[in-house]
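Peer 1: dropping the sequence and predicted coords here.
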4 protein chains.
Amino acid sequence: MSSFWGKNLKLSLFGESHANAIGIVIDGLPAGLLLDEEKIAEEMERRKPQSSLSTARKEADRPEILSGFFNGRTTGTPLSAVIYNGNTRSQDYTSLQDVPRPGHADYTGKIRYGGFQDFRGGGHFSGRLTAPLVFAGSLCKQFLSPLGIEIGAHIANIGAVKDTGFDPVTLDPEMFLSLKGELPFLDREKAAAARQTAEDAAKNGDSVGGSIECAITGLKAGLGDPFFDSAESVLSSLLFSIPAVKGVEFGAGFRMCEAYGSETNDPFVFDETGAVKTASNNNGGILGGITNGMPLIFRTAIKPTASIYQKQQSVSLSKKESVTLQIQGRHDPCIVPRAVPVVEAVAAIAATELVLAEQKTADRWTSEYNKK
Amino acid sequence: MSSFWGKNLKLSLFGESHANAIGIVIDGLPAGLLLDEEKIAEEMERRKPQSSLSTARKEADRPEILSGFFNGRTTGTPLSAVIYNGNTRSQDYTSLQDVPRPGHADYTGKIRYGGFQDFRGGGHFSGRLTAPLVFAGSLCKQFLSPLGIEIGAHIANIGAVKDTGFDPVTLDPEMFLSLKGELPFLDREKAAAARQTAEDAAKNGDSVGGSIECAITGLKAGLGDPFFDSAESVLSSLLFSIPAVKGVEFGAGFRMCEAYGSETNDPFVFDETGAVKTASNNNGGILGGITNGMPLIFRTAIKPTASIYQKQQSVSLSKKESVTLQIQGRHDPCIVPRAVPVVEAVAAIAATELVLAEQKTADRWTSEYNKK
Amino acid sequence: MSSFWGKNLKLSLFGESHANAIGIVIDGLPAGLLLDEEKIAEEMERRKPQSSLSTARKEADRPEILSGFFNGRTTGTPLSAVIYNGNTRSQDYTSLQDVPRPGHADYTGKIRYGGFQDFRGGGHFSGRLTAPLVFAGSLCKQFLSPLGIEIGAHIANIGAVKDTGFDPVTLDPEMFLSLKGELPFLDREKAAAARQTAEDAAKNGDSVGGSIECAITGLKAGLGDPFFDSAESVLSSLLFSIPAVKGVEFGAGFRMCEAYGSETNDPFVFDETGAVKTASNNNGGILGGITNGMPLIFRTAIKPTASIYQKQQSVSLSKKESVTLQIQGRHDPCIVPRAVPVVEAVAAIAATELVLAEQKTADRWTSEYNKK
Amino acid sequence: MSSFWGKNLKLSLFGESHANAIGIVIDGLPAGLLLDEEKIAEEMERRKPQSSLSTARKEADRPEILSGFFNGRTTGTPLSAVIYNGNTRSQDYTSLQDVPRPGHADYTGKIRYGGFQDFRGGGHFSGRLTAPLVFAGSLCKQFLSPLGIEIGAHIANIGAVKDTGFDPVTLDPEMFLSLKGELPFLDREKAAAARQTAEDAAKNGDSVGGSIECAITGLKAGLGDPFFDSAESVLSSLLFSIPAVKGVEFGAGFRMCEAYGSETNDPFVFDETGAVKTASNNNGGILGGITNGMPLIFRTAIKPTASIYQKQQSVSLSKKESVTLQIQGRHDPCIVPRAVPVVEAVAAIAATELVLAEQKTADRWTSEYNKK
């Protein structure tokens, strides 16, 4: 029912890990948008498994655009793309129908779809479904960038290893656009420590969680639609669709609930150009659900990969008895690095929705309609 | 644009603090639902200002049902209700159009609505808008309760004062349904300390933040619609619509991002009735965006009330100069207690949506359609 | 479930004939729209029962605006209005719960709402529900008129009495804006004959059907969104919501299905200003679901009022036996005249949706976003 | 923006005539629906060009299912399918960008999409886009048939040749399910005359219009959601999305507007099984926007194919001068026969939406939820 998202920018996401294909339909991108296929490929590459931290499955992840794209530009009609599934090893998964993996959607998916779901490789719940999202996000980034809107994220922590944070007031997109590599930490020394944490977890047959801080710069003040489509609502509804996301906070977020108003209120000031800014940015660029022109900043909690190789307690649904489960197959010991481009993609999608939903006053409607 | 919410249960929220009225239209509640008007009044009462912690404005908050209600039951057609605004002191607010209050939506609302918004008393951004939500939530609770679904919340912290948490595995609704009073802490001693914290803030002309933990018990496994209408997405989109909410986490939430999979995976077990349960509940009752039959538990961060009486830095938009602002008027030094019924209401609305969206297999469609 | 309509302009309609009130919430009208309350009153007056052709029930139909309206202008937040119900004679209707009136929604409504519907006075199915639609339409007309978009309708026929039609190519809005009176025929002599037809029907305890031709002038080319939101789809979905509408055709409509392409294709020409026009307008201003800049013209079939005073065959649902039914109460022998402002209102709502949904190219997005 | 349709059954349609592919995503079909691929192929075959009446382009039209289908059944997750485009002759169309074809969407599409649309072969406006609709409709028919709901259509007229109509009261689905051949007339002699009419038009370089009568049998009473999702609204919004449809009427439709209520009201009776029926069916199975259990019957006007080979008047948009246009390429002289399966498909989609949207009373919710 809910593979459809959006009001102005609309998405229709489909596919299962071991079905013929996964893909997405994107409707609402303006006609005439010039698309750089290199940039799309770069984003897709970031999400791919790259090293010892990632699953051994080789995924080509090359989206084939089927429609909505002509002479290098969007046509204004729905742009669709598919990624064919290859390199599937379905035999790994069949027994999981009876013995659900802890932390996974095996059990809930079975109940939800009456046992008819394509359970191979996690099916519709597979992390693979985020690949079409990254594709969609890369198109949105190319819509946003000419508007001066840029999106970037870094890993805020992996396990106990914590990165420094974005400066929420002075954040320059050049900084995050240049973040490279499998472990995008602002503090490069922390990247090495984080790798060690993840590798240690892998050695123990375990996995480790982390969090991602993401920023959107260049958003005008005035975007977001109270009551129910606050900027936070639009973003969070997408973020909580990403598998493994269990928490979202904007600006100072949960730290604000232990603070005083005199500490968290962001004073208004003029910057050197005469524009209204805030001297601090505890509200993460959003006041009353509407952007205020400051960098929009949020943090997302990613739980540890549910697939671990240690023995776990589960149940046999058919035999109605407790069993000990030991998972086989190919899994990322730490999913956080690969989630970074997904979080950015989702931020780009949400930012595009917010921009497309911008409202005009009646006078502006009149003057623009009559001008043409 | 976005005062409309929902797919199966639909809401249309309207009103401004000092307009003629605020109200809500609720569509999609099943016909024939018996409504206890006493219970509605009780919920409305919980949201009202009650003591030294709350604004001095006296709000009757008595919703008048206009339609969709006949012979004590819902009719199946849209149920609408209004709350007329009285006791308004509009003169308090006019100057704020030029000098926006830090932490408030004065500035962003002015940009968003081109200066045409009804700015009196916070207008459409006023906390008063949550009263119709509480009304809607009280109807949803009466739909859910006969299904065995109950909703309750407590204050998880106010400033530095932290309550104990719900037991996420054994939680019994009787416990939270009996929580009473202005400061619903599980640990009653903490309630007194929290009151002191809030009163101290008030004395300093300051405000203080807090967080609310909320639980939904009795939800069947299998509710929630991947990809984009995960149970977390449905809940978070509503929670982040509530003014002052800046963070949402499910289950162990942000704690999971510093943990290992071996710690956070919830083992499957059978309970004494033979039902599938999990031995722990770090996932807050949701796996893969779908309920797993365990208590659904989440925590919401509420920022300190933006209205404080200390001098603050702001700007005069007309004069283009910095000014010092000192707010007058009537404001809650700690909004957290009054947010508790709002969070519960929103949880009830989301739970109703999840229940109404439950899907049936093709076979069940066939047998039910032909039976009639 | 479906008292909500729209994507850019959103409506939430509520109420029953004998409930406390009927009303509507309108979201998405641009902020700052100056509203002339006189013009609203004029539209409401047109829908009121006026003469021997109409029901004897006196309806004040004065909408009270509750929100979204400030200093004479829309605020950009949801504009809501209610019309309180007075002058209700509920005793007329109770027996109809058991013996459904032919042609009415008594039977289908009872099944649909499980018998819990408010059946008094037709309840949610009452023609009274069109009053809030006329209110919403009058606001939309005031949005459209400054854009040069005007809407007008005339009665195309009542029974055998047929009016001449709009000239679909040269139609001047001045012509239809000056149409007055209870029976807006272009050919005034036909108005007298139509009155006679309706009065004769009334004398026979009967009712008579008719049709309405409506035009929207001033729409730019390029409005309407294939595939599913064609201009015809948007209009028809609203028109078929109006009680008693059983047919809708655009331009030459059903006449086109007996014709040849060489007769119906509208040749392209330049007008004296150099603008692209068509020499004929068989397509009613719409090609491929998108407006072409010609007057948008459609015709709507209105069935005879279902309430007639002749004896009719029905059934007693409780006794499971056939009965002869003779309806009492107050009813219009010909509903067509009062449907004229409703059809116009719905056309105004649809036109507003089409205008608000207009799309911009990527380049225009970039230049407009950066300008601000 | 509007290639997305539906609330319970959701469609996302994409593609252009000469792009890589056309296709559709279908979300909301119940899990576990057994699909007979033979039946899908049969429906696709009906839409294919078959004879002298149809375009010479050979279209394989074999949908490849990409997802949502596992072990012969729907999975409950989105079912997607694509039809790759082959056999395209793009050189035929390039000049039409400057000289729009009368009756076509060349001009309106160019304005709507800012000139960036894929204009080859009609692009997104091509009749080819109806192929994925027929695919979706064939799935819906397989959902509906086990519920006892069948859908069938015949050609009501081509030019001056008129078929007899369905008996709206006694209609037996066996009758229409056995209709075969390129020209499904109830009166087989009329089929020959209609063929002659179409062939004569073709010889003259002309085209001819027609209409299609369609029935849905087996729908329960009580389906359809006033106010805005009346059964007529749901159907008409889809029917008016089909290219070339310019009129829709339900039951006696436009004939009702020249009639008296005593003629058109359908008397209620009990049938031999004790079920409530109506003795006539002028309302086409719908009262107050809700099905009444009688056959749902409607008629759709199809305009003559816009592509004709006679010389026509048009304009050169670049040179700003009038030109005479003579169309080349491959076109159907009468599109009506190929529109029959499309109308049926759309009826199946709408009927599925109506069935899936069926509402339950609160008591039934309680008993069903607690049973499980």
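Peer 2: It's in.
Peer 1: next, count neighbours for the residue nearest to residue A:360 when sequence neighbours are not counted.
Peer 2: What sits nearest to residue A:360 in space, not counting adjacent residues and going by CB to CB, 6 or more residues apart in numbering or on different chains, is residue C:30, at 6.0 Å. Quick note: C-beta positions are derived from backbone N, CA and C, even for glycine. Neighbour count for residue C:30, taken as other CB atoms under 10 Å in any protein chain shown: 23.
Peer 1: residue C:73 is in contact with residue C:30, correct?
Peer 2: No: look at residue C:30 against residue C:73 with CB atoms under 8 Å: they stay out of range, at 9.9 Å.
Peer 1: roughly how far apart are residue A:41 and chain D?
Peer 2: Remark: distance between residue A:41 and chain D (CB to the nearest CB, to the nearest Å) = 18 Å.
Peer 1: picking that back up, need the residues touching each of residue C:30 and residue C:73.
Peer 2: Here residue C:30 and residue C:73 have residue A:362 as joint contacts, going by CB atoms under 8 Å, 6 or more residues apart in numbering or on different chains.
Peer 1: pull the CA atoms of stretch A:268-277 into CSV?
Peer 2: C-alpha atoms of stretch A:268-277 as CSV (Å, rounded to 0.1, in the frame of the first residue of the first chain):
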residue,chain,number,x,y,z
PHE,A,268,18.0,36.6,15.6
VAL,A,269,20.7,38.7,14.1
PHE,A,270,21.5,40.2,10.7
ASP,A,271,24.5,38.8,8.8
GLU,A,272,26.9,41.0,6.8
THR,A,273,24.5,41.0,3.8
GLY,A,274,21.6,42.2,5.9
ALA,A,275,19.9,38.8,5.8
VAL,A,276,18.1,37.5,9.0
LYS,A,277,20.0,34.7,10.6
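Peer 1: and it, what's buried?
Peer 2: A:268, A:276, A:277 (16 or more other CB atoms under 10 Å in any protein chain shown).
Peer 1: export those residues to TSV and append columns for pLDDT, secondary structure and distance to chain D.
Peer 2: Formatted as TSV, the buried residues of stretch A:268-277 follow (pLDDT from 0 to 100; DSSP: H, G, I helix; E, B strand; the rest coil; distance: CB to the nearest CB, whole Å):
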residue	pLDDT	secondary structure	distance to chain D
A:268	98	strand	37
A:276	97	strand	33
A:277	97	strand	34
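Peer 1: among those residues, which one lies nearest to residue D:112?
Peer 2: Closest approach to residue D:112 among the buried residues of stretch A:268-277 (CB to CB): residue A:276, at 37.4 Å.
Peer 1: quick check: the residue nearest to residue A:360 is in a strand.
Peer 2: No: using DSSP: H, G, I helix; E, B strand; the rest coil, the assignment for residue C:30 is coil, not a strand.
Peer 1: report the contact partners of it.
Peer 2: Listed by CB under 8 Å, 6+ apart, the contact set of residue C:30 reads A:359, A:360, A:361, A:362, A:364, A:365, C:74, C:76, C:143.
Peer 1: next up, phi/psi of residue A:108, please.
Peer 2: phi -70, psi -40 (degrees, to the nearest 10).
Peer 1: which non-adjacent residue is nearest it?
Peer 2: residue B:290 (3.7 Å).
Peer 1: surely that neighbour and residue A:110 touch.
Peer 2: No: the pair residue B:290 and residue A:110 fails to qualify as a contact (CB under 8 Å) at a distance of 9.7 Å.
Peer 1: looking at the two, which is more packed in?
Peer 2: Between residue B:290 and residue A:110, counted using other CB under 10 Å, residue B:290 has the larger neighbour count: 25 against 21.
Peer 1: tilt between the helix or strand bottoming out on mean pLDDT in chain A and helix C:362-371?
Peer 2: Ranked by mean pLDDT, DSSP states H and E, the weakest helix or strand in chain A is helix A:362-371, scoring a mean of 88. Helix A:362-371 and helix C:362-371 meet at an angle of 140 degrees, taking axes from the mean of the first three to the mean of the last three CA atoms, to 10 degrees as the criterion.
Peer 1: surely residue A:183 meets residue A:161?
Peer 2: No: in this structure, residue A:183 is not within contact of residue A:161 by CB under 8 Å, at 9.9 Å.
Peer 1: mutual contacts of those two, please.
Peer 2: residue A:194.
Peer 1: tell me if the least confident helix or strand of chain A is near chain C.
Peer 2: Yes: Helix A:362-371 lies within reach of chain C by CB under 8 Å from any CB of the partner chain, at A:362, A:363, A:364, A:365, A:366, A:369, A:370.
Peer 1: the residues you listed: which ones sit near chain B?
Peer 2: Among those, chain B is touched by residue A:364 when using CB under 8 Å from any CB.
Peer 1: and the residues of helix A:362-371 next to chain C, which are buried?
Peer 2: A:362, A:363, A:365, A:366, A:369.
Peer 1: quick one: residues contacting the last one.
Peer 2: What that stands for is residue A:369. Here residue A:369 is in contact with C:147, C:148, C:220, C:355 (CB under 8 Å, 6+ apart).
Peer 1: try it again at 6 Å.
Peer 2: Listed by CB atoms under 6 Å, 6 or more residues apart in numbering or on different chains, the contact partners of residue A:369 are residue C:147.
Peer 1: so which bits of the stretch 1-150 of chain A are right by chain B?
Peer 2: A:1-3, A:5, A:13, A:100, A:102-103, A:105, A:108-109, A:111-112, A:114, A:125 (CB under 6 Å from any CB of the partner chain).
Peer 1: out of these, which two sit at the greatest distance?
Peer 2: A:5 and A:102 (28.8 Å).
Peer 1: which residue is the nearest non-sequential neighbour of residue A:97?
Peer 2: residue A:119 is the one closest to residue A:97 (CB to CB, 6+ apart), at 5.4 Å.
Peer 1: before we move on, back to that, out of the buried residues of stretch A:268-277, which is nearest to chain C?
Peer 2: residue A:276 (13.4 Å; CB to the nearest CB).
Peer 1: against residue B:200, how distant is the closest one?
Peer 2: 33 Å (CB to CB, to the nearest Å).
Peer 1: got it, and residue A:235?
Peer 2: Taking CB to CB, one finds residue A:235 at 34 Å from residue B:200.
Peer 1: which of the two has more residues huddled nearby?
Peer 2: Relative neighbour count places residue A:235 above the other of residue A:235 and residue B:200, with 29 against 14, counting by other CB under 10 Å.
Peer 1: what residues are up against residue A:163?
Peer 2: For residue A:163, the contact set (CB under 6 Å, 6+ apart) comprises A:155, A:156, A:185, A:186, A:187, A:190.
Peer 1: just the ones in helices from the residues you listed, please.
Peer 2: Mapping these onto helices (DSSP state H) picks out residue A:190.
Peer 1: out of the contacts of residue A:163, which comes closest to chain B?
Peer 2: For those, the nearest to chain B is residue A:156 (8.2 Å; CB to the nearest CB).
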